[in-house]
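Asker: After the sequence you'll find the predicted model.
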There are 4 protein chains.
Amino acid sequence: MAYKTPKEVQERKDEKKRQILITASRVFASRGYHNTAVKDIVDEAGISVGSFYFYFKNKEDLFETLYDEATSMILNSIRKVLNEGEEHFTNKICKVTVRSLFIFNEFKNLTRIMMIEAVGLNPNFEHKRVQSTRRFSDYMEQFFESLKREGHINFPDIAIASTAYIGTIYNVIMRWLQESNENSLTEYAYPLIVYNLQALNLDFSEDEVRKNIRDALVQSGEMKWGVHNGAEKVE
Amino acid sequence: MAYKTPKEVQERKDEKKRQILITASRVFASRGYHNTAVKDIVDEAGISVGSFYFYFKNKEDLFETLYDEATSMILNSIRKVLNEGEEHFTNKICKVTVRSLFIFNEFKNLTRIMMIEAVGLNPNFEHKRVQSTRRFSDYMEQFFESLKREGHINFPDIAIASTAYIGTIYNVIMRWLQESNENSLTEYAYPLIVYNLQALNLDFSEDEVRKNIRDALVQSGEMKWGVHNGAEKVE
Amino acid sequence: MAYKTPKEVQERKDEKKRQILITASRVFASRGYHNTAVKDIVDEAGISVGSFYFYFKNKEDLFETLYDEATSMILNSIRKVLNEGEEHFTNKICKVTVRSLFIFNEFKNLTRIMMIEAVGLNPNFEHKRVQSTRRFSDYMEQFFESLKREGHINFPDIAIASTAYIGTIYNVIMRWLQESNENSLTEYAYPLIVYNLQALNLDFSEDEVRKNIRDALVQSGEMKWGVHNGAEKVE
Amino acid sequence: MAYKTPKEVQERKDEKKRQILITASRVFASRGYHNTAVKDIVDEAGISVGSFYFYFKNKEDLFETLYDEATSMILNSIRKVLNEGEEHFTNKICKVTVRSLFIFNEFKNLTRIMMIEAVGLNPNFEHKRVQSTRRFSDYMEQFFESLKREGHINFPDIAIASTAYIGTIYNVIMRWLQESNENSLTEYAYPLIVYNLQALNLDFSEDEVRKNIRDALVQSGEMKWGVHNGAEKVE
DNA sequence: TATGAATGAGCATTCATTCAT
DNA sequence: GATGAATGAATGCTCATTCAT
């Protein structure tokens, strides 16, 4: 009587849901949220409307899933770098910058969704977006705060410092998203890090920074990014 | 029958158009572009739909007009500061920062429209937005480039420097837009300027910066902001 | 500046709304609520979907309007008969029966909507229907109660008496609705009245009842029925 | 492998079908036909959609089965009373009324389905409903007709008399369905019977009627109601 | 100029039913 | 027999835009 869903079936379901997500991230990134009809996604994904609604509550649910994946991926990455180990704080700043750029570069569609398509979607979602953006700020703020307590930096307003720092990364990404060529976002790591290290009045040597960047890139390449491991990046 | 001179007629037309713009900026800022129906605006403005389409080609035309006003106001302000006079470049950076913050603060609705509602609207508008954003970058880039040529700064990548600089301002404004209290945006001028001056490795004295900020604020308050003069700021 | 909507325009609007109601009552009566798409109504009425939603909030709003017209027409008629004048109570019962049958007969589509299509529509509407049905019962109950107080009738349970009385009318109408021929509903007035007068143990003479029916019919024919006067019955 | 005899298999099928019916009657009664999705029923019943379609042709088939059970239960009951034995016709009227009320009371969900949810479902079903309703009328009409032939009653229009009689019962049930308290429907038997006996101008003594009601109730309690025997009433 | 009634393409979502496993 | 993933037709409703008055 009790029917146990075979593991295999569950796997196929997960795979299909993933396929929809992958397709949707592509379509949303190129056409925008409001310009994308559910029909567009299901046609592109080769499934029926009914199937779509079997896997997602509605259009916004799908979008939210993508948005959440993007933000949690970045947030986890930052958290890991900042919390882990005994590394020197300058190295941490290098690493956190590089690793973020690496992820944004890898998941360009998700980045576009997170940074452009999700903005000003509608009042409800805007609230969610503000909350999640806030989490990034808070993380950096706590980190900078600890640096200040330990006397490493001496900046008049830590909240503004972290906000400014994130702003620099944000805007470099925006510029990259708008470039037509296929540069890697990580190429901007060096000047970006220098800009912020100087801004915080932290000592550093060029060589050391460059070495850190190289190391961080290698590490990043070797990592598994949450559900998006290997070939199945949602792109 | 009262007979109007063409000039009077034209003035009344302009006045009505202005009223629509003022109302629209309020409505768009609070409800968002997609969540705002033309009906919402005309109801709020106390006019008819037909009238609306007499003054504007369509909904997007209205939005573009608002967006253009916002960007040109800021762009003009920056242009003026950077081009004018023999002032010391540190002062110019102070001034350009303060004056931008001042304008954004004064026209909060337009700011919101420009920074949130205009983002990811649709592919067409996104193209326009990228173009206009680019103009800001180019301006700062040229300025920084000239500083580099003159040997005042020595930064590995000027394009990234200007992008980062604009990013810091952008993100501070975003934070301010999301704050519930009614702080003036200009209160963040000092740390913001310090962050960027240090980032560019420019010498400065705290007192001088503070004085510059005060002066710039006074000057800003005395200026006429484009079409938005006096009491009729589009707010 | 202030534009006064011409009376003529308002009249045309009212007329159009009325036309939609008339068409809708026909369509709902023949196809049923759930089987009728908004498209069906607007096609039949020769208008556009947009127009429909200009005049009515939604499909249910339209249906409610029809339902309310039907119930208020009947309720007003009953109220008028029971409250008016010094007539003998037997006459009143004759009159209230005849006049109700007359109206139901005149507005067959509305009757069908009220008695069949509105039943079990959905939980919300069901609540409304129960309330409005209750009003009929209460009216008759009060009337019967007053007759009891004055010693004219002596029945064990007035609430059940009024419920039963209304039930007899209801079921005769249902039978008539299902008949294929085109009998007038009022032909059933005589036996129906006799059934109920006897049930209440009221004395009456056949001739008098017949005369009352004739009079009531004449009066009914001369009356204006709310908004539905003359040729524009919603049929 | 346990080997089942065909009979055991059949019994298990019947049992499952019955469970679905019981659940469905509850769900339809509380949510209404159109507001109930097949999914709602199968979820509540703890089975799969596929199973559902194994036991029933479709949603309407299920509903029809419930409707048919309800009507045939009542019809059989009436038939039995009217046809059986040499009882006095007044007693028969008492009994038929009481027993009907008893059944409606016992199977409240089915009653609700039959009297509310089944009304105005769709043109097809409406046709079926009219047919089955008609059968009740015809039964009573034949009975009244025979009474008239035998000179026991003298009413101008027997068809209307039976229609009216059924209407009184119908409307009392409707009132009871809408009451929030948990009165037994059979409490209304006495006034209802009196109303109709008087309407038909039949002599009766209060005591005799009361006795008949008591007897009929006892008998009803001892009966088996069609397929719904014992503890498994479809409720 | 001003008005607002009229238009209809467009879209998100539901749900009864099927059928491969 | 049982399951539930897959289907897609059907539908209510919105809203930018037009145009006769």
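Answerer: Arrived safely. Numbers count the residues shown, from 1 in each chain, chains lettered A, B, ... in the order given.
Asker: all contacts plus neighbour counts: C-alpha atoms, from now on.
Answerer: Fine.
Asker: other SSEs contacting the longest helix anywhere in chain A?
Answerer: In chain A, taking DSSP state H as the definition, the longest helix is helix A:123-149. In terms of contacts (3 or more Cα pairs under 8 Å, 6 or more residues apart in numbering or on different chains; DSSP states H and E), helix A:123-149 is packed against helix A:59-83, helix A:158-178.
Asker: Which stretch among these is buried most, on average?
Answerer: Ranked by mean neighbour count, these are led by helix A:158-178 with a mean of 23 (mean count of other Cα atoms under 10 Å in any protein chain shown).
Asker: average model confidence for that helix?
Answerer: Per-residue pLDDT over helix A:158-178 has a mean of 97.
Asker: Output the very next helix or strand once past that helix as PDB, restricted to C-alpha atoms.
Answerer: Later in the chain than helix A:158-178, the nearest helix or strand by DSSP states H and E is helix A:189-199. Extracted in PDB, the C-alpha atoms of helix A:189-199 (Å, rounded to 0.1, in the frame of the first residue of the first chain):
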ATOM      1  CA  ALA A 189      41.200  42.200  -9.000                       C
ATOM      2  CA  TYR A 190      44.600  43.900  -8.600                       C
ATOM      3  CA  PRO A 191      43.600  47.500  -9.100                       C
ATOM      4  CA  LEU A 192      40.400  46.900  -7.100                       C
ATOM      5  CA  ILE A 193      42.300  45.500  -4.200                       C
ATOM      6  CA  VAL A 194      44.800  48.300  -4.300                       C
ATOM      7  CA  TYR A 195      42.100  50.900  -4.300                       C
ATOM      8  CA  ASN A 196      40.500  49.500  -1.200                       C
ATOM      9  CA  LEU A 197      43.700  48.700   0.700                       C
ATOM     10  CA  GLN A 198      44.900  52.200   0.200                       C
ATOM     11  CA  ALA A 199      41.500  53.600   1.100                       C
END
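Asker: Please see if helix A:189-199 touches chain B.
Answerer: Yes: Helix A:189-199 reaches chain B (Cα under 8 Å from any Cα of the partner chain) through A:191, A:192, A:194, A:195, A:196, A:197, A:198, A:199.
Asker: and the following helix or strand past that helix, which residues are buried?
Answerer: Beyond helix A:189-199 on the C-terminal side, the first helix or strand identified by DSSP H and E is helix A:206-222. Neighbour counts over helix A:206-222 (16 or more other Cα atoms under 10 Å in any protein chain shown) mark A:209, A:212, A:213, A:216, A:217, A:220 as buried.
Asker: Geometrically speaking, which residue is the centre of chain A?
Answerer: Among the residues of chain A, the one closest to the centroid is residue A:74, at 3.8 Å (Cα atoms, centre = their mean).
Asker: hmm, back to that, ok, which of the helices and strands packed on helix A:123-149 comes nearest residue B:32?
Answerer: Across the helices and strands packed on helix A:123-149, residue B:32 has its closest neighbour in helix A:59-83 (16.5 Å, Cα to Cα).
Asker: what residues go with each domain of chain A?
Answerer: Structural domains of chain A, as assigned by automatic domain parsing, span the residue ranges A:7-56, A:59-225.
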